[in-house]
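Q: Predicted coordinates and the sequence they were generated for:
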Amino acid sequence: MLTLYHGGTSVASAKVRLALAEKGLSFDSRLLDLRRGDQKDAAYLALNPAGVVPTLVHDGKMIRESSIILEYVDETWPMPALMPAQPADRAEMRLWLRRVDALHDACSTLSSCVKLAALRDDPAKVTLVLAQTPDPDKRARQQRLIDGGFDAPDVAQAIASYRAFCLAADRALARNPFLSGTDMGLADCAALPYVHRVATLGMDALWAHLPACEDWVARLSARPSFNIAIGLWQGAQAYSPCPELAARAFA
Ligand SMILES: N[C@@H](CCC(=O)N[C@@H](CS)C(=O)NCC(=O)O)C(=O)O
């Protein structure tokens, strides 16, 4: 029995859904509304004390942290393999998982900036969002995004992180069709949702001059797993192009 607690537009959840889709595995879906704060409910905190998605429950075993879940999925259902066969390639794959984890804050910054901009004229809702953010670092970042909007230093820093990530991806993809080798793997499942998020925000200029990266985005978006794991889950909270961010994405 496989149950996934996840969020429709959550990038960390989409990583796991992609790996499950590539393996043809279905799961019992427990969809949380992150904007409503379902992830902070006591019942969910008992599964995932950090109050974040995703959490995978497999035969009563609770697996947390999306990159760890990816490896768990591949070790538990080895075919088709999403980890490269050679140890050196596996090391490269794990490096990509770390790079993607390190990109998470940049992705959150850009996404939060858009959400907070939409609430700018509703101070009561802004207060509520801050009150629902217990982590002091995250709350301080949200305050900077409220104060500075798209000109907050966090936004420029997030875009710089994405630029570095896309450049590293382009270099890897100029050598191999997928991030950690010749086959679609966990590194690709991890990275695609983060790249898709900024594409949705209209920021594809970030890789317009990086042909291998651009080709990878097009190839992965055309795979059946993309729609199964990402497209079908976007729903009413889907992001849309943001002209302020799109303008800042040009080099
Ligand atoms: N490192 C964690 C990050 C999980 C995470 O931050 N998930 C976001 C959605 S992408 C979340 O649950 N946010 C809700 C919140 O922080 O309250 C992982 O990769 O599993």
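A: Received, thanks.

Q: contacts, neighbours, all on C-alpha from now
A: OK.

Q: three-state assignment of the nearest residue to Lys40 once chain neighbours are set aside?
A: Closest residue to Lys40 apart from its sequence neighbours, by Cα to Cα, 6 or more residues apart in numbering: Gly51 at 5.3 Å. Taking DSSP: H, G, I helix; E, B strand; the rest coil as the rule, one finds Gly51 in the coil state.

Q: for Gly51, what are its contacts?
A: 39-40, 44-45 (Cα atoms under 8 Å, 6 or more residues apart in numbering).

Q: out of the residues you listed, which one sits closest to Phe178?
A: Gln39 (33.1 Å; Cα to Cα).

Q: can you tell if the lowest-mean-pLDDT helix or strand in the chain touches the ligand?
A: Least confident helix or strand of the chain, by mean pLDDT, DSSP states H and E, is helix 123-131 with a mean of 88. No - against the ligand, helix 123-131 shows no contacts by Cα under 6 Å from any ligand atom, the least distance being 10.1 Å.

Q: What is the neighbour count of Leu232?
A: Neighbours of Leu232 under the rule other Cα atoms under 10 Å: 10.

Q: Model confidence score at it, please.
A: Here the pLDDT value assigned to Leu232 is 96.

Q: Leu34 too?
A: If you check Leu34, the pLDDT there is 93.

Q: just use 45 as the starting number from now, easier for me
A: Understood, numbering begins at 45; the last thing we discussed is Leu78.

Q: residue contacts, the closest residue to Val242 other than its chain neighbours?
A: For Val242, ignoring the flanking residues on the chain, the nearest one in space by Cα to Cα, 6+ apart is Asp248 at 6.9 Å. Shown here is Asp248, whose contacts under the criterion Cα under 8 Å, 6+ apart are 242, 290, 293.

Q: what's the helix or strand hosting the first one packed up against?
A: Going back to what we said before, that points to Val242. Using DSSP states H and E, Val242 sits in helix 230-244. Applying 3 or more Cα pairs under 8 Å, 6 or more residues apart in numbering; DSSP states H and E, one finds that helix 230-244 contacts helix 55-66, helix 110-120, helix 131-162, helix 255-265.

Q: right, and Gly52 touches Trp277 too?
A: Yes - the pair Gly52 / Trp277 is scored as a contact, 4.8 Å apart, by Cα atoms under 8 Å.

Q: before we move on, the earlier item: mind giving me the ChimeraX select for the contacts of Gly95, buried ones only?
A: Selection of buried members from the contacts of Gly95 for ChimeraX, criterion 16 or more other Cα atoms under 10 Å:
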select :83,84,88
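
Q: With distance to the ligand, secondary structure and pLDDT as extra columns, can I get the contacts of Gly95 in CSV?
A: Conversion of those to CSV gives the following (distance: Cα to the nearest ligand atom, whole Å; DSSP: H, G, I helix; E, B strand; the rest coil; pLDDT from 0 to 100):
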residue, distance to the ligand, secondary structure, pLDDT
Gln83, 6, helix, 95
Lys84, 7, helix, 92
Tyr88, 11, helix, 98
Leu89, 11, helix, 97
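
Q: Sort out which one of the contacts of Gly95 lies nearest Cys210 for me.
A: For those, the residue nearest Cys210 by Cα to Cα is Gln83; the value is 30.4 Å.
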